[in-house]
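In: no sequence on this one, just coordinates:
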DNA sequence: GTACGTGCAAAGGTTTTGCATTACA
DNA sequence: TGTAATGCAAAACCTTTGCACGTAC
């Protein structure tokens, strides 16, 4: 029922633990492949998806070219550099609501604020 | 300097004008292809990109599986149905700021709020 | 022994690109 | 006429899937 903790999964979990880089699947793959040369994309995607459905991981759609993953599942928001695609956490509780007259029976279950800009390095 | 107003582009512009469906490139392609059977994806992507760089169109990254386009460039936000991927405009001015202590020389140029939920049809 | 995970390769879907032709300004 | 757009096909990219093999309980 629970996730089987294979060595490959342990390596992925360790890589993600406390990671604030919001890595893409390929970034995860390259990182863990150093320790597991036989690591495949299938295992990375499989594990990320298992984690996501268990609520242990967020799939971010903030980067237009690829999915990014966030092991921080506490409610928070993001700031993205439009040049280098770096994503930075924004810890704030904004208490936002869809105006009643526009909600029209939509059941709102989550809120995410994206800030766009240019990071110090891309200046 | 300006966009050449070819018949194909006119058809794309007319399709987008006032459109609140947040169509994907393929949706635009299928719609305009009815009037221009020779319309190609290259022309659709080319035109959407030209419009975007001129600020006449927003590229939304809210749908994980494909880019969506929004001809409404007034500041607004979105509500997405996690089941059918329908996107609804949210007109509200939330006045959000990245907390000073987290901004760290990031130049913030835009803000976008995503609300997630389930629409009335998907129940 | 059975259910699940892994790894490889292939397939699927979206977006981009090269290039010859055509059309606009 | 010269520059830019079109259309087709192929390529590039990211992600998912099929399947044979391996591993854990």
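Out: Good, I have the coordinates. These numbers were taken from a predicted model, which means no experiment stands behind them.

In: the bottom helix or strand of chain A by mean pLDDT?
Out: Counting by mean pLDDT, DSSP states H and E, chain A has its least confident helix or strand at helix A:100-103, which shows a mean of 83.

In: Each with direction, which strands does the very next helix or strand once past it pair with?
Out: Next helix or strand after helix A:100-103 toward the C-terminus (DSSP states H and E): strand A:107-118. Sheet pairing here is set by DSSP bridges, and for strand A:107-118 it gives strand A:77-81 (parallel), strand B:107-118 (antiparallel).

In: most distant residue from the middle of chain A?
Out: Outermost residue of chain A with respect to the C-alpha centroid, by Cα atoms, centre = their mean, is residue A:101; its distance is 31.9 Å.

In: Which strand or helix spans residue A:48?
Out: helix A:41-53.

In: Are that helix and chain B in contact anywhere?
Out: No: counting by Cβ under 8 Å from any Cβ of the partner chain, chain B is not contacted by helix A:41-53; separation bottoms out at 11.0 Å. Yep, even glycine has a C-beta here, placed from its N, CA and C like the rest.

In: List the buried residues in that helix.
Out: Across helix A:41-53, burial judged by 16 or more other Cβ atoms under 10 Å in any protein chain shown covers A:43, A:44, A:47, A:48, A:51.

In: which strands and helices sit next to it?
Out: For helix A:41-53, the packing partners by 3 or more Cβ pairs under 8 Å, 6 or more residues apart in numbering or on different chains; DSSP states H and E come out as helix A:7-16, helix A:25-33, strand A:58-60.

In: Could you list the residues in contact with it?
Out: A:3, A:8-9, A:12, A:16, A:25, A:28-29, A:32, A:57-59, A:69 (Cβ atoms under 8 Å, 6 or more residues apart in numbering or on different chains).

In: let's see it at 7 Å
Out: By Cβ atoms under 7 Å, 6 or more residues apart in numbering or on different chains, the surrounding residues in contact with helix A:41-53 are A:3, A:8, A:9, A:12, A:25, A:28, A:29, A:57, A:59, A:69.
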